[in-house]
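Engineer: I need the structure of the sequence given here:
(chains A, B, C, D, E and F)
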4 protein chains.
Amino acid sequence: MANGARTRKKSADRRDELIRATLESIGEACSLDVTVGEIARRAGVSSALAHHYFGGKDDLFLAAMRSLLTAFRNDVVARLSEAETSRTRLSAIVCASFAPAQFAPNTVAAWTIFYAKAQSSPRYGRLLRVYVRRLRSNLQHELRGLPVAGDLEDAAEAIAAMIDGLYLRQGLQRAPAERERAIAITEKLIDGLLAHSPLDSGWRSRA
Amino acid sequence: MANGARTRKKSADRRDELIRATLESIGEACSLDVTVGEIARRAGVSSALAHHYFGGKDDLFLAAMRSLLTAFRNDVVARLSEAETSRTRLSAIVCASFAPAQFAPNTVAAWTIFYAKAQSSPRYGRLLRVYVRRLRSNLQHELRGLPVAGDLEDAAEAIAAMIDGLYLRQGLQRAPAERERAIAITEKLIDGLLAHSPLDSGWRSRA
Amino acid sequence: MANGARTRKKSADRRDELIRATLESIGEACSLDVTVGEIARRAGVSSALAHHYFGGKDDLFLAAMRSLLTAFRNDVVARLSEAETSRTRLSAIVCASFAPAQFAPNTVAAWTIFYAKAQSSPRYGRLLRVYVRRLRSNLQHELRGLPVAGDLEDAAEAIAAMIDGLYLRQGLQRAPAERERAIAITEKLIDGLLAHSPLDSGWRSRA
Amino acid sequence: MANGARTRKKSADRRDELIRATLESIGEACSLDVTVGEIARRAGVSSALAHHYFGGKDDLFLAAMRSLLTAFRNDVVARLSEAETSRTRLSAIVCASFAPAQFAPNTVAAWTIFYAKAQSSPRYGRLLRVYVRRLRSNLQHELRGLPVAGDLEDAAEAIAAMIDGLYLRQGLQRAPAERERAIAITEKLIDGLLAHSPLDSGWRSRA
DNA sequence: AATGAATGAGCCTTCATTCAT
DNA sequence: AATGAATGAAGGCTCATTCAT
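Structural biologist: Residues are numbered from 1 along each chain as shown, chains lettered A, B, ... in the order given. Below you'll find the model as predicted:
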């Protein structure tokens, strides 16, 4: 029975395992130059099954990317619902961005690669733009409740760019301890973007 | 005669042409998945010649990357020598980063791809780290001459990350008019990082 | 049904077929300059399959060589078990060496080529030395039971060299009727190596 | 002047050097898989020159083989003219075959390779058969002056095969000290082929 | 559902050969 | 005479994908 449960998994489990293996492979290779065979081996199935489930290599990769986006989105939503002021909600977004799971080397690598790929592939581009738009929308929404010094859209863009930039650079050094620093730098940027009220430094990261 | 001049060029010319074609191909495909044959065709030579000159695909790509770095570096050096204060020299670095040639879609795409590749390939990584170190060094040097509010190294990192982040996002939208905005956002970040003197908004971009 | 049986054979069959095709190709071309594609075509499969099964061209060739060695060895073993005296066992070895299957033009060509290749390639060399050692050991073992005139090791070496030499020359003329003559010459050499007892010419070849 | 003499050699010198480089390359690689470029480099000229002089790779190789044959032939002729009896002239042939220059690893390798190649290439075959015929003719001629026990043609073939066989095997072990042994074995074979006169062991190698 | 078997297409790379100088 | 420049042709190998079971 237990054996049967292990050898004959549910279809959804297989799919999850394949996506996990895909992200793992991409993350380790830091490149989309990963063979379906390698991914399948990692997932413990045949490469034919990957095609059976996802239709093709590209679809598998897109599914993996979608999974990344969804995970991030869920984390953001959860954190947002726990914060009460616009300012703390901004911090929640920042914390989500640099949460250990997101900031793990493999994940950062995958994001960067998807960013690059999105420039050439319409399908990847569409997917990534969903994330970009949502993040922008979130940032702008929270900023509207705060005394922004200057253009609000620029402020949102600045925060988003800072997050992405820190991501990109994180990939290079592969140092694990940069998380706190990334948060600090971004929070400082946010503070700088806000009109200087004397009591605005009350953010707190709860990674 | 003109024909002869076209059929038998100098070795250096061929190399330059191949590197140009490489960047063009990578830029258009937004990926390193470009065949040597395609690059050679674009350069008007046989693929065998590309190997003859560069030894292999990877060496060709590295040479292309090196050429990107060198071009950027030369631009920065030139602009730095024309600026007189630390603050204007910071702006010079920003301007160089977002100069039209650097901010052109193809160039941005190539940079992003190299960033991704650098995470997996030691050779690319080494090359990119040279650029990262140099930029950091430049930024810190100029910041030392200014009243930085907070940690100086964090400030330099913030600026660098902002530049990279704006690059990364630029790739996504492929809108050519974002240049000015990127400069404005970065300059505003810099101003925010400096201790607030009442007259510090006097920067001027001279792209 | 018959079609199905032909389109999806068992893995081992394919391997055998590929090895056979390899020896055929090498034999006909009298050279290792045979493309995997040609071999695959001869075996009725794609060249990709050859790589799938053997890993690479070299591995395929080594497998073919190994098959040659094994076939020879099996023949020798079979004939040895049927002979009863040392003298007739020596003849058995000779007969095996010049058996029609071994002495066929393609086989001789393959052997010669492997001999040449063994001088440069460690892998081939190792394989061939197995055969050499075994043959030497067999010869010396049988000679020990006979009144050898002179050094026993030299006698064994002489017989082995004679066999190889006749092989090599056989390749040149490609005349099929030389088999009997080769056996006669070698047997005569053996007789000459033995101390002249008045009744030692009673060998008989049973190829 | 001396410089001029070194940089501008005579055409014949260039040819010789190329042939020497060819044999060297083939000998070291133990294979005909040697690039013209490698040979040219070894000879200190451009690969284009090799084509200019010899017309193509094959012609260069044939010239190298011809040079091998000629060298051997000259040695045999010289030694024959110094010997006085048929028996010593036979020994002279043996000595020539196993002379250090002929028995050097590289030379043995080249011979073996040519033997293999001769089976497939008519041009190589024709060349090699010249050598075979000449050697056979020489051996038979000398044997006619001696009391051969048995068929004279078989005796000549036996000697020739023994020489070739010892060559072939020499390639495998690449041990330099086998020369004396090869001569001893061959001489013993010759003695065995001759009718047993009580005083026939008076051969002497003068390598 | 799952897989091993099989392949076609394509890429990197090598190399003999040619040609203008 | 001699060479660097340049190429066409070909080969080994990989891999996504299909198919019969």
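
Engineer: just list the residues touching A:Ser137, thanks.
Structural biologist: Residues in contact with A:Ser137 (C-beta atoms under 8 Å, 6 or more residues apart in numbering or on different chains): none are found. In this view, the C-beta of every residue, glycine as well, is placed from N, C-alpha and C.

Engineer: and it, how far is that from DNA strand F?
Structural biologist: With the distance defined as C-beta to the nearest atom of the strand, to the nearest Å, A:Ser137 ends up 34 Å from DNA strand F.

Engineer: mind checking the longest helix of chain A?
Structural biologist: helix A:57-82 (DSSP state H).

Engineer: against A:Ala101, how distant is the residue nearest the centre of chain A?
Structural biologist: Geometric centre of chain A, nearest residue: A:Phe72, 4.8 Å, by C-alpha atoms, centre = their mean. Counting by C-beta to C-beta, to the nearest Å, the gap from A:Phe72 to A:Ala101 is 9 Å.

Engineer: what about A:Gly55, how many residues close to it?
Structural biologist: A:Gly55 sits with 12 neighbouring residues when counted by other C-beta atoms under 10 Å in any protein chain shown.

Engineer: try A:Gly37
Structural biologist: The local packing count at A:Gly37 equals 12, with neighbours defined by other C-beta under 10 Å.

Engineer: with A:Lys10 instead?
Structural biologist: 9.

Engineer: contacting residues around the residue nearest to the centre of chain A?
Structural biologist: For A:Phe72, the contact set (C-beta under 8 Å, 6+ apart) comprises A:Ala96, A:Ser97, A:Gln102, A:Tyr131.

Engineer: dump the residue contacts of A:Ala21.
Structural biologist: With contact taken as C-beta under 8 Å, 6+ apart, A:Ala21 is in contact with A:Ile39, A:Ala40, A:Arg42, A:Ala43.

Engineer: I figured the first one hits A:Leu60, correct?
Structural biologist: Yes. With contact taken as C-beta atoms under 8 Å, A:Ile39 and A:Leu60 are classed as touching, separated by 7.3 Å.

Engineer: higher neighbour count, those two?
Structural biologist: It is A:Ile39, of A:Ile39 and A:Leu60, that has more neighbours when counted by other C-beta under 10 Å, with 25 against 22.

Engineer: now stretch A:106-115: buried residues?
Structural biologist: Within stretch A:106-115, the residues scored as buried using 16 or more other C-beta atoms under 10 Å in any protein chain shown are A:Asn106, A:Thr107, A:Val108, A:Ala109, A:Ala110, A:Trp111, A:Thr112, A:Ile113, A:Phe114, A:Tyr115.

Engineer: return the subset of those lying in helices.
Structural biologist: The subset of the buried residues of stretch A:106-115 located in helices under the criterion DSSP H comprises A:Asn106, A:Thr107, A:Val108, A:Ala109, A:Ala110, A:Trp111, A:Thr112, A:Ile113, A:Phe114, A:Tyr115.

Engineer: let's have those in CSV, adding pLDDT and distance to D:Leu90.
Structural biologist: Output for those, formatted as CSV (pLDDT from 0 to 100; distance: C-beta to C-beta, whole Å):
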residue, pLDDT, distance to D:Leu90
A:Asn106, 91, 78
A:Thr107, 93, 83
A:Val108, 92, 82
A:Ala109, 91, 77
A:Ala110, 94, 80
A:Trp111, 93, 83
A:Thr112, 91, 80
A:Ile113, 91, 77
A:Phe114, 92, 82
A:Tyr115, 91, 83
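
Engineer: residue contacts, A:Ile93?
Structural biologist: For A:Ile93, the contact set (C-beta under 8 Å, 6+ apart) comprises A:Val76, A:Arg79, A:Leu80, A:Leu135, A:Asn138, A:Leu139, A:Glu142.

Engineer: my guess is the second one contacts A:Ser97. True?
Structural biologist: Put plainly, it is A:Arg79. No. Counting by C-beta under 8 Å, no contact exists between A:Arg79 and A:Ser97, whose distance comes to 10.1 Å.

Engineer: neighbour count: these two, which is higher?
Structural biologist: Just comparing A:Arg79 and A:Ser97: by other C-beta under 10 Å the higher neighbour count belongs to A:Ser97, 23 against 20.

Engineer: just the CA trace of stretch A:148-161, in PDB.
Structural biologist: Coordinates of the C-alpha atoms in stretch A:148-161 are reproduced here as PDB (Å, rounded to 0.1, in the frame of the first residue of the first chain):
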ATOM      1  CA  VAL A 148       5.800  60.800  -1.800                       C
ATOM      2  CA  ALA A 149       8.300  63.500  -2.600                       C
ATOM      3  CA  GLY A 150       8.200  63.700  -6.400                       C
ATOM      4  CA  ASP A 151       6.700  61.600  -9.000                       C
ATOM      5  CA  LEU A 152       4.800  58.600  -7.700                       C
ATOM      6  CA  GLU A 153       5.400  56.400 -10.700                       C
ATOM      7  CA  ASP A 154       9.100  57.100 -10.600                       C
ATOM      8  CA  ALA A 155       9.200  56.200  -7.000                       C
ATOM      9  CA  ALA A 156       7.600  52.900  -7.600                       C
ATOM     10  CA  GLU A 157       9.900  52.300 -10.500                       C
ATOM     11  CA  ALA A 158      12.900  53.200  -8.400                       C
ATOM     12  CA  ILE A 159      11.900  50.600  -5.700                       C
ATOM     13  CA  ALA A 160      11.200  47.900  -8.300                       C
ATOM     14  CA  ALA A 161      14.500  48.600 -10.100                       C
END
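
Engineer: check which residues of it are buried.
Structural biologist: Across stretch A:148-161, burial judged by 16+ other C-beta under 10 Å covers A:Val148, A:Ala155, A:Ala156, A:Glu157, A:Ala158, A:Ile159, A:Ala160, A:Ala161.

Engineer: quick check: which element contains the nearest residue to the fourth one once chain neighbours are set aside?
Structural biologist: Right, A:Glu157. Once its chain neighbours are removed from consideration, A:Glu157 has its nearest residue in B:Ile185; the separation is 6.3 Å (C-beta to C-beta, 6 or more residues apart in numbering or on different chains). Following DSSP states H and E, one finds B:Ile185 within helix B:178-193.

Engineer: understood, closing this out.
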